[in-house]
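**Q** Okay, predicted coordinates and the sequence, questions at the end:
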Amino acid sequence: MIKRPRPNLLTASKPTFNKAISSATLPSKRQITIIEMGGFHSTMIPVIRGGEKVGGAAYVAAAVTRIRQKVEPILISNGDIFTGQTTAIESGGSLVIQFMNQLKFDAMTLGIHDFDEGQKVLAERIAEAKFPMLAANLASEKDECHISEANHILSSIRPYTLLDRGMQTIVVLGLMKEDTQKFQTPTNVEGLTFWSVKETIQHWIPAILEERPNIIIIQYNKPSEAEDLAVSINEYVNDRREKNELQVVPYLVFIGGHSEEKPVHGPNYLIMQGTDRGQCLGIIKIKQEYKYNRVIPQYTKISDKWLSPDPKISQLVKEIKRRIALQDMLLCNSKGMLNRTKLNDGPLGILITEEMKRHAGADIAFVSSGTTKMDIRAGEIYASDIDQAIPFKDTIVLMELSGELVCQILEQSAKLESDSGGSGGKILQVAGIRFKYDLKREKGKRVVEMTINGGNIDKKRLYKAAVSKYLVDGGDGYTQFKEGKVIGEVGELKTVIKDYLKGVGTLDIKRDMRIEYEDE
């Protein structure tokens, strides 16, 4: 794939003009509006931040309705819609599907966490949805073909879908991360494979071009790779056009959905990364003016400061609140915020790992930083707060790890942190261990200090470790845990944390610098 200089980042409010290679690209005086909802994580109820209600299904619906009063937009989701707020009252996200059906979504690309309840539950949700679910690189391992062509319960998943808006044809192509299996419980993706994104593009683009699309929307949550993909597709399209094999040159829109970033404009393409949990919507307006595509990307914050909740969706949210309240209960009070962190130790990670260690009677404890998805505010902590902060189903496994394995595990944590470029996410949260990293050192020698319960680590000793089953199964690439000896499962993670908090009264947890870096 040919590398190109990275285009300058422009502010979201500034439009750019991309020369229309073919006058057929967008019919004159026609505008397409795309609305993108990032990883929703079943955030049906708004979150209170600084006295402001942010997100929530009823407010998302209100924002979409406002736009629909002027145009008929394309409404798409970047997946990861299920696991989150409603986990405590249902399995698999049927309530979220009801919301999306009422709002008339056009398509959704599956995310990693849409497999959290397993393939059978996902198939049930797909059957309930009145919109197509997409994953162009999802394949059947047994049949060695795309899942839509296999004899499989997920065979209704499509690689892409076609949408018509007036005289225009729009294709939405969905891509999952090709390393999805690293981040899912193995049984949840058993029998599935995920093709490489590059090979998937090469496989489907020729067929897509036969549909003569004016716009191709590609949903993919790795914006760092999108530019190379855009250049590759445009080179293929231009080659076909020079051979008089194409009349329509489609405009490319790459959309991700995890964190709000400035859009990247390039020749005949846009790369946009939205945010998650319904906090804002990504909105893209594409209009041809003479021979140029005028492209205006922007982020619209979902807030009660400017929106009134949609009445119909509000009834669904009201029922969710009622059902949560029936089984919710006050657990304790916290003096400070229990924030999560992906770079070092934080109060929420300390709470979880220390209780895992105590509950299991272990020497040490490990949990993935990705186990937690929301901070917990200071003040009263309810059971529903724990369900939202720890949305995934996971259990605590008691096992034996040699001191040598512990060293390898912490070196793997340093490697993954270094590979991420310092963005975090794979660093382990720990209890019973204190260590310091020097990420400038060569791989395998980045842990420069380490103690276990105040003493030097003995590489030959067997330590009892409380570990989340996700990690035991090799999640996040931590295959070293598979070399340890499993003693048994000792409890469901969320239940153990809730039971502990019931008897605490007042919680006061602060960072204690158990994870440090050489330059701190």
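**A** Received, thanks.
**Q** Would you confirm that residue 414 contacts residue 440?
**A** No: when contacts are counted by C-beta atoms under 8 Å, residue 414 is not listed as touching residue 440 (10.8 Å). Backbone N, C-alpha and C define where each C-beta goes, glycine included.
**Q** And the two? Which one has more around it.
**A** With neighbours defined as other C-beta atoms under 10 Å, residue 414 and residue 440 compare such that residue 414 has more, 24 against 10.
**Q** Does that one belong to a helix, a strand or coil?
**A** helix (DSSP: H, G, I helix; E, B strand; the rest coil).
**Q** confidence score at it?
**A** Turning to residue 414, the model gives it a pLDDT of 85.
**Q** State the distance from it to residue 463.
**A** Residue 414 sits 19 Å away from residue 463, going by C-beta to C-beta, to the nearest Å.
**Q** go on, residue 340?
**A** Counting by C-beta to C-beta, the separation of residue 340 from residue 463 is 26 Å.
**Q** again with residue 313
**A** When residue 313 is compared with residue 463 (using C-beta to C-beta), they lie 51 Å apart.
**Q** One more: residue 33?
**A** With distances taken as C-beta to C-beta, residue 33 is found 57 Å from residue 463.
**Q** cool, and residue 185?
**A** Here residue 185 is placed at a distance of 25 Å from residue 463 (C-beta to C-beta).
**Q** Over to residue 38?
**A** Residue 38 sits 40 Å away from residue 463, going by C-beta to C-beta.
**Q** Which of those two has more residues huddled nearby?
**A** Taking neighbours as other C-beta under 10 Å, residue 38 and residue 463 compare with residue 38 leading, 28 against 21.
**Q** need the next SSE after the helix or strand bottoming out on mean pLDDT in the chain, C-terminal direction.
**A** For the chain, counting by mean pLDDT, DSSP states H and E, strand 16-19 ranks last in confidence among helices and strands (a mean of 40). Counting by DSSP states H and E, the element after strand 16-19 in chain order, helix or strand, is strand 31-37.
**Q** Packing partners of that next one?
**A** Packing partners of strand 31-37 (3 or more C-beta pairs under 8 Å, 6 or more residues apart in numbering; DSSP states H and E): helix 57-68, strand 74-77, strand 215-219, strand 251-258, strand 269-275, strand 280-289.
**Q** Mean confidence (pLDDT) on the second one, please.
**A** Which is strand 74-77. For strand 74-77, mean pLDDT rounds to 96.
**Q** so what strands line up beside that strand?
**A** Taking DSSP bridges as the criterion, strand 74-77 forms sheet pairs with strand 31-37 (parallel), strand 107-109 (parallel).
**Q** and the closest residue to residue 98 other than its chain neighbours, which of the three is it?
**A** The spatially closest residue to residue 98, leaving aside those adjacent along the chain, is residue 316, at 6.1 Å (C-beta to C-beta, 6 or more residues apart in numbering). Taken by three-state DSSP, the conformation at residue 316 corresponds to helix.
**Q** Quick one: residues contacting residue 316.
**A** Going by C-beta atoms under 8 Å, 6 or more residues apart in numbering, residue 316 touches 44, 57, 95, 98, 99, 102.
**Q** and if you look at residue 118?
**A** Contact analysis of residue 118 by C-beta under 8 Å, 6+ apart lists 187, 188.
**Q** For it, give me the pLDDT.
**A** We have a pLDDT of 91 for residue 118.
**Q** Dihedrals phi and psi, it?
**A** phi 90, psi 170 (degrees, to the nearest 10).
**Q** Compute the distance between it and residue 472, please.
**A** Going from residue 118 to residue 472 by C-beta to C-beta gives 18 Å.
**Q** got any ranges where the stretch 401-520 of the chain has weak pLDDT?
**A** Scanning the stretch 401-520 of the chain for pLDDT under 70 picks out the ranges 417-425, 520.
**Q** Nice, that's everything, thank you.
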